[in-house]
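**Student:** what follows is a predicted protein model with its sequence.
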2 protein chains.
Amino acid sequence: MKIAVLGTGMVGQALAGRLSELGHDVVVGTRDPASTLAKEEYAAWAAEHPAVRLATFAGAGAPAPVVVNATSGVVTLDVLAQAAGAGGGSGLGGKIVMDISNGLDFSRGFPPLVTAPQDDSIAEQVQRAHPDALVVKTLNTLTAELMAHPEVLADPGTVFVSGDDPDAKHVVTGLLHQLGHTDVLDLGDITTARGVEWMMPAWLRVMGAVGTASFNWKVVRG
Amino acid sequence: MKIAVLGTGMVGQALAGRLSELGHDVVVGTRDPASTLAKEEYAAWAAEHPAVRLATFAGAGAPAPVVVNATSGVVTLDVLAQAAGAGGGSGLGGKIVMDISNGLDFSRGFPPLVTAPQDDSIAEQVQRAHPDALVVKTLNTLTAELMAHPEVLADPGTVFVSGDDPDAKHVVTGLLHQLGHTDVLDLGDITTARGVEWMMPAWLRVMGAVGTASFNWKVVRG
């Protein structure tokens, strides 16, 4: 499947690399490909992943039915506007937008604050900005390495999907299974993204307590 | 150990009943004992738990080194002021206050909103109101029955403690172990209560998705 991964940071690299290994046709989107390739760290990663191409946000998004938003929540709306192209929201019409962002404000130090008010979420902001896109919130509740390699944990734990379109959630759930996520919990419509976006304050404190980001939440039931 | 459980709702009953079964000397605190006993549901519960006495908030709290706040977060400060007695905060001085409240605003419907701003928490409000009390946030991340009977789940999951006093957290951790909680994670100082209080939005969505409140979070590691 053609997949555009927007963002060249840890999350983008982890998912683009793994999805490519799984046989998907992956293009990474960035603001300015030339300046991204000029960064030693990205160039080294790209050399190890020759099948993954690099393009502008618009160039990456245009041909792909699945667009992964692996950017920070604070730039997400801007990046997705670029990915949608000159036509505005219409450029993402009918596409599955897998939103794995967290909006965090570090201006008051650590731990950061959540940027969206509790009666909204980044995922809903994306859905409102691109009404014809099929937005699915997922994977924002664990660290980049575990998104792509849940098998690092003896028990991979639970990941969540939130979105208004059942078929889009079905496709995303399939991708999550391919990545090795065995427990995918459908929380409901896109407003349930508020729940998972507000897990970040607890995630940050747990990271502090266990001394590593290599942990996940698991919903244990009867 | 003498334990005061403030609150006669599901959480208060579940914990008071179980702590009494475990051999603790439990007094339940309420605003007006006569009107609480006049409620058929409470009277029936009290008849099944003859060892558990009922007193006013002040009467329950005065002799007990451990005070469990099992009231809603929206009345917690008022209840603890009553439990502290006429002397104000001094009445809880040196006592361990196990705060298991969540502050939820249902005025805009379901799911409710969290009342404390994200740079504060009910637990910190309690600590500020009673500077000499040893406040420990815990057990607010799971349903009442599972607080008292974690063995209902094949895997009981993780519970958390947050507080400034290591000895108080040690005592609370001991009580949690007695209740059957095998994985107790110390998140750090009282400000880490912000993390667990903000797990409620996700908890509510998970409850909706799995169709039961009988689940818990587990932190899965390496």
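**Tutor:** That came in fine, so what should we check first?
**Student:** for chain B, tell me whether the lengthiest helix in chain A is touching it.
**Tutor:** Taking DSSP state H as the assignment, the helix of chain A that covers the most residues is helix A:166-179. No: Helix A:166-179 stays clear of chain B (Cβ under 8 Å from any Cβ of the partner chain), getting no nearer than 11.9 Å. In short, each C-beta sits where N, CA and C put it, glycine included.
**Student:** name the helices or strands packed onto that helix?
**Tutor:** helix A:10-21, strand A:96-99, strand A:134-138, strand A:158-163, strand A:183-188 (3 or more Cβ pairs under 8 Å, 6 or more residues apart in numbering or on different chains; DSSP states H and E).
**Student:** just tell me which of those ends up closest to B:Val219.
**Tutor:** strand A:158-163 (11.4 Å; Cβ to Cβ).
**Student:** ranges for the helices of chain A?
**Tutor:** Remark: helices assigned in chain A by DSSP H are A:10-21, A:33-37, A:40-48, A:57-61, A:76-84, A:122-129, A:144-148, A:166-179, A:193-197, A:200-210.
**Student:** how big is the angle separating the first one from helix A:166-179?
**Tutor:** Angular relation of helix A:10-21 and helix A:166-179 on a 0 to 180 degree scale: 80 degrees, by axes from the mean of the first three to the mean of the last three Cα atoms, to 10 degrees.
**Student:** what does the last one give?
**Tutor:** Comparing the axes of helix A:200-210 and helix A:166-179 via the same axes, to 10 degrees yields an angle of 10 degrees.
**Student:** buried set for helix A:200-210?
**Tutor:** Neighbour-count burial for helix A:200-210 flags A:Met200, A:Pro201, A:Ala202, A:Trp203, A:Leu204, A:Arg205, A:Val206, A:Met207, A:Ala209 (criterion: 16 or more other Cβ atoms under 10 Å in any protein chain shown).
**Student:** among the residues you listed, which are in reach of chain B?
**Tutor:** Filtering those for proximity to chain B (criterion: Cβ under 8 Å from any Cβ) leaves A:Pro201, A:Ala202, A:Trp203, A:Leu204, A:Arg205, A:Val206, A:Ala209.
**Student:** residues contacting the nearest residue to the fifth one once chain neighbours are set aside?
**Tutor:** Nearest residue to A:Arg205 in three dimensions, chain neighbours excluded: B:Gly195, at 3.5 Å (Cβ to Cβ, 6 or more residues apart in numbering or on different chains). Neighbour list for B:Gly195: A:Pro201, A:Ala202, A:Trp203, A:Leu204, A:Arg205, A:Val206, B:Phe160, B:Ser162, B:Leu187 [criterion: Cβ atoms under 8 Å, 6 or more residues apart in numbering or on different chains].
**Student:** for chain B, which of the helices and strands packed on helix A:166-179 is the nearest?
**Tutor:** Smallest distance to chain B across those (Cβ to the nearest Cβ): 4.6 Å, for strand A:183-188.
**Student:** centroid-nearest residue for chain A?
**Tutor:** A:Ile100 (2.6 Å; Cα atoms, centre = their mean).
**Student:** so that residue sits right up against A:Ser72, yeah?
**Tutor:** No: between A:Ile100 and A:Ser72 there is no contact under Cβ atoms under 8 Å: 10.7 Å.
**Student:** roughly how far does the residue nearest to the centre of chain A sit from A:Ala148?
**Tutor:** As judged by Cβ to Cβ, to the nearest Å, A:Ile100 and A:Ala148 stand 11 Å apart.
**Student:** give me the residue ranges of chain A where confidence is low.
**Tutor:** Of all residues in chain A, those with pLDDT under 70 make up the ranges A:86-90.
**Student:** hmm, A:Tyr42 and A:Thr36 touching each other?
**Tutor:** Yes: contact criterion Cβ under 8 Å: A:Thr36 and A:Tyr42 qualify, at 5.4 Å.
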